[in-house]
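A.B. asks: Structure for the following, please:
(one chain, ligands or ions: 1)
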Amino acid sequence: MDKLHYDAVVLGGGLAGLMAAHEIATAGFKVAVVSKVFPTRSHSSSAEGGIAAYVPGNSDPNDDPDYMTYDTVKGGDYLVDQDAAELLSVKSGEIVDLMERWGTLFNRQPDGRVALRYFGGQTYPRTRFVGDKTGMALLHTLFERVSGLDVDFYNEWFAVDLVTDERRVTGVLALDMKNMDPAFFKARAVVAATGGMGMLYAHTTNAYINTGDGYGMALRAGAAIKDPEFVQFHPTALYPSDILISEAARGEGGILRNNKGERFMAKYAPKKLDLAPRDIASRSIMIEIREGRGFPGGYVGLDLTHLGESYIKERLALAYEAAMNFAGVDATKEPIPVRPAQHYYMGGIDVDTNGINTDLQGLFAAGEAACVSVHGANRLGSNSLLETLVFGRETGKTVVEYLRKHEEVSSPSLDKEAERLLSEAYSFVKSESGVHFGEVLNKLRGVMWDKVGIFRDEDMLKSALTEIEKLRGQVREMYVTDKGKTYNTEFYNALELRNMLDLAVVIAKSALMRTESRGAHFRTDFPERDDKNWLKHTLAYLKGNQVEIGFKPVRMTKWKPEARVY
Ligand SMILES: Cc1cc2nc3c(=O)[nH]c(=O)nc-3n(C[C@H](O)[C@H](O)[C@H](O)COP(=O)(O)OP(=O)(O)OC[C@H]3O[C@@H](n4cnc5c(N)ncnc54)[C@H](O)[C@@H]3O)c2cc1C
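C.D. replies: Prediction:
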């Protein structure tokens with residue numbers, strides 16, 4: 001197998017990975033970016049609504065970083081590490097300014113200042129945007145910037161596993177997807193910036209590539225996933241395709257209505273109404289549908305008609321086009337059919353505010369792959385793009401410090417370890433019979449949606465666990481029909497499924513364990529938040545077939561938990 005030597009390898013070419021790579025490369029270290037898709041096709045490019053930031057001199061006059069932190073902490077139902085949220089708020093202005101200087105053209109107000117819109121859970125409007133294609137604009141800007149640096153891109157390369165030696169990461173095993181050629185990327189530092197895991201759920205707004213590979217790799221290598229039970233469901237995915245209708249639609253004044261035409265959010269969040277945080281809005285929609293006030297098929301209406309045609313087409317072009325092309329609905333004339341779908345993962349590889357994982361030396365993580373934790377039990381809209389950039393940069397800086405202090409380790413057993421991981425991966429192509437991976441995949445996505453979804457209880461979670469464990473047991477007998485080496489996408493799908501199953505079992509187990517309701521984790525058998533017993537982070541490890549769970553305190557600075565009403 002080829003061996004490539006780098007100081008650092010960044011897994012992922014989305015916003016978090018590129019920002020980390022930028023820092024490492026500008027400090028003069030040799031860095032590779034490995035991405036299973038061309039970087040600008042990463043899921044960051046689908047982000048629509050915007051990026052939250054407090055920019056001195058260019059914010060609502062009443063706003064300040066403290067309000068921003070408070071909103072984030074309350075939005076996250078007090079599971080947020082408050083020092084991390086403070087850092088996010090304080091650094092938000094400079095990162096948005098930087099992206100603007102590098103070339104992102106944010107929408108403007110008539111007086112020339114950057115325009116702002118409200119997003120859910122914000123006391124004052126602080127989301128900046130480029131129409132409803134904000135992620136695309138940011139990602140292209142950053143990719144252009146990093147392309148000008150001395151960074152080696154390995155596009156359409158699939159990272160299979162972390163290669164470890166004792167409790168240290170020494171590199172990554174990856175495959176060139178074009179021809180299945182393997183390579184051992186040897187490096188002192190590895191940054192996991194592999195994004196989210198929406199494909200675990202039958203209904204998701206995420207791209208097909210969001211299969212949680214980084215979580216799976218980290219778990220198999222012995223690192224913890226923090227707060228795995230917290231999965232975000234976005235209230236407004238287009239019915240029936242699950243394409244996201246951005247929160248910007250409600251930020252700009254869109255109204256959720258049931259089959260009686262009622263603005264039902266008035267019942268659930270009397271003050272914030274349609275701009276209540278996502279967990280609350282998603283549950284409210286599901287209750288309306290369950291109690292018979294939805295439309296046949298199971299959806300409600302998102303009414304934009306009062307905003308006027310030209311405003312809708314300028315500010316919410318994607319929402320308009322998606323509704324027209326994928327639901328045959330003209331949003332200027334009638335409500336858009338919407339229902340909740342999986343959207344974001346609050347859980348992630350356990351790291352601190354410097355992006356350091358303490359289970360494995362040399363492992364760092366940033367972006368959706370990481371749990372810092374700035375989102376706690378529920379992420380506020382437009383805080384994720386911000387997190388990828390702020391903590392992508394912090395993590396990159398930490399890696400630079402780390403590289404200055406740590407020498408490369410060499411041990412002959414490493415090559416053997418890489419070979420062992422490779423032969424494990426190849427088993428799917430070698431098997432001729434057993435279970436086809438597609439069957440396992442569909443079952444898993446159904447189980448997660450039905451039993452580890454928006455509403456959970458002990459019976460559902462126990463039954464989900466049994467089913468997931470059974471599916472995990474089938475992995476060894478899994479096969480793919482394509483035995484070729486050229487762009488064998490079926491094979492990579494099977495590797496992705498292995499990652500999904502490793503994560504799924506950890507999510508279900510942690511959800512069963514947490515006997516309270518907080519943010520996006522709602523237990524109908526324990527409907528109240530229980531700060532006395534559960535104001536703590538979950539840390540889940542995977543040891544063979546066993547999930548081991550530990551806990552870690554939430555870091556508080558100045559915000560005491562209070563009732564979360566909107
Ligand atoms: C439809 C949609 C709209 C959104 N809108 C907003 C918004 O308006 N505002 C906001 O703040 N947030 C939004 N989000 C969330 C936000 O976009 C994401 O959380 C964020 O962009 C994630 O960035 P990232 O860099 O962590 O990962 P990603 O951009 O997902 O990149 C992951 C990278 O990892 C690579 N990768 C993964 N697995 C492997 C592997 N095995 N081998 C090699 N490479 C691998 C991929 O190729 C990719 O380059 C939205 C999300 C969705 C799905």
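A.B. asks: you'd agree Met99 is up against Glu144?
C.D. replies: No. With contact defined as C-beta atoms under 8 Å, Met99 does not reach Glu144; the gap is 11.5 Å. Every residue, glycine included, has its C-beta placed from N, CA and C.
A.B. asks: who's more crowded, the two?
C.D. replies: Met99 (23 against 13; other C-beta atoms under 10 Å).
A.B. asks: doesn't that one fall inside a helix?
C.D. replies: Yes. The assignment for Met99, made by DSSP: H, G, I helix; E, B strand; the rest coil, places it in a helix.
A.B. asks: OK, contacts around it?
C.D. replies: Contacts for Met99 (C-beta atoms under 8 Å, 6 or more residues apart in numbering) come out as 138, 141-142, 389.
A.B. asks: In terms of pLDDT, where does the residue lying closest to Asp482 once chain neighbours are set aside sit?
C.D. replies: Excluding its sequence neighbours, the residue lying closest to Asp482 (C-beta to C-beta, 6 or more residues apart in numbering) is Glu490, at 4.5 Å. For Glu490, the pLDDT comes out at 94.
A.B. asks: Now do the contacts for whichever residue of the stretch 151-300 of the chain sits closest to the ligand.
C.D. replies: Residue nearest to the ligand within the stretch 151-300 of the chain (C-beta to the nearest ligand atom): Gly195, separated by 2.4 Å. For Gly195, the contact set (C-beta under 8 Å, 6+ apart) comprises 12, 14, 16, 42-44, 209-210, 214, 367-369.
A.B. asks: of the residues you listed, closest to Tyr311?
C.D. replies: Ser44 (26.6 Å; C-beta to C-beta).
A.B. asks: roughly how far apart are the closest one and Gly12?
C.D. replies: According to C-beta to C-beta, to the nearest Å, Ser44 stands 9 Å off from Gly12.
A.B. asks: Report the two of the contacts of Met99 separated the most.
C.D. replies: Thr141 and Leu389 (10.6 Å).
A.B. asks: Tell me which of those two has more neighbours.
C.D. replies: For Thr141 and Leu389, the more surrounded residue by other C-beta under 10 Å is Leu389, and the numbers stand at 27 against 21.
A.B. asks: Give the burial count for the residue in the stretch 251-400 of the chain that the ligand sits nearest to, as a bare number.
C.D. replies: The ligand sits closest to Gly367 of the stretch 251-400 of the chain, with a gap of 2.3 Å, by C-beta to the nearest ligand atom. By other C-beta under 10 Å, 34 other residues sit near Gly367.
A.B. asks: Hmm, it is touching Leu18, no?
C.D. replies: No. Gly367 is not in contact with Leu18 according to C-beta under 8 Å; the separation is 9.8 Å.
A.B. asks: returning to what we had before: from the contacts of Gly195, which is closest to Pro270?
C.D. replies: Comparing those against Pro270 with C-beta to C-beta places Glu368 closest, at 32.1 Å.
A.B. asks: now that closest one, nearest residue through space, not along the chain?
C.D. replies: That would be Gly196: by C-beta to C-beta, 6+ apart, it lies 4.3 Å from Glu368.
A.B. asks: Which residue ranges of the stretch 51-200 of the chain form helices?
C.D. replies: Using DSSP state H, counting those that start in this stretch, the helices of the stretch 51-200 of the chain run over 65-75, 82-102, 134-147.
A.B. asks: for the stretch 301-450 of the chain, same thing?
C.D. replies: For the stretch 301-450 of the chain, the helices defined by DSSP H, counting those that start in this stretch occupy 309-315, 317-327, 383-405, 413-430, 437-451.
A.B. asks: burial of the residue nearest to Asp482, as a residue count?
C.D. replies: That count, for Glu490 with other C-beta under 10 Å as the rule, works out to 18.
A.B. asks: For the ligand, see how far away it is.
C.D. replies: For Glu490, the distance to the ligand equals 15 Å [C-beta to the nearest ligand atom, to the nearest Å].
A.B. asks: before we move on, what about Gly50?
C.D. replies: For Gly50 relative to the ligand (C-beta to the nearest ligand atom), the value is 5 Å.
A.B. asks: In this structure that residue contacts Arg117, no?
C.D. replies: Yes. Gly50 lies in contact with Arg117 (C-beta under 8 Å); the separation is 6.4 Å.
A.B. asks: Overlap in contacts, those two.
C.D. replies: Contact criterion C-beta under 8 Å, 6+ apart; residues shared by Gly50 and Arg117: 127, 129, 248.
A.B. asks: In TSV: the residues you listed, plus neighbour count, pLDDT and distance to the ligand.
C.D. replies: Output for the shared contacts of Gly50 and Arg117, formatted as TSV (neighbours: other C-beta atoms under 10 Å; pLDDT from 0 to 100; distance: C-beta to the nearest ligand atom, whole Å):
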residue	neighbour count	pLDDT	distance to the ligand
Thr127	26	97	8
Phe129	27	96	8
Ala248	25	90	7
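A.B. asks: Between those residues, which sits nearest Glu291?
C.D. replies: Ala248 (28.2 Å).
A.B. asks: can you give me the strands for the stretch 101-250 of the chain?
C.D. replies: With strands called from DSSP state E, counting those that start in this stretch, the stretch 101-250 of the chain shows them at 127-128, 151-155, 157-165, 168-176, 181-186, 189-192, 225-226, 231-238.
A.B. asks: Parallel or antiparallel, which strands does the lowest-mean-pLDDT helix or strand in the chain pair with?
C.D. replies: Lowest by mean pLDDT, DSSP states H and E among the helices and strands of the chain is strand 478-479, with a mean of 87. Using DSSP bridges, strand 478-479 pairs in its sheet with strand 435-436 (parallel).
A.B. asks: Check what pLDDT the most far-flung residue of the chain relative to its centre gets.
C.D. replies: Ranked by distance from the centre of the chain (C-alpha atoms, centre = their mean), the top residue is Pro412, with 36.3 Å. Here, the pLDDT recorded for Pro412 equals 78.
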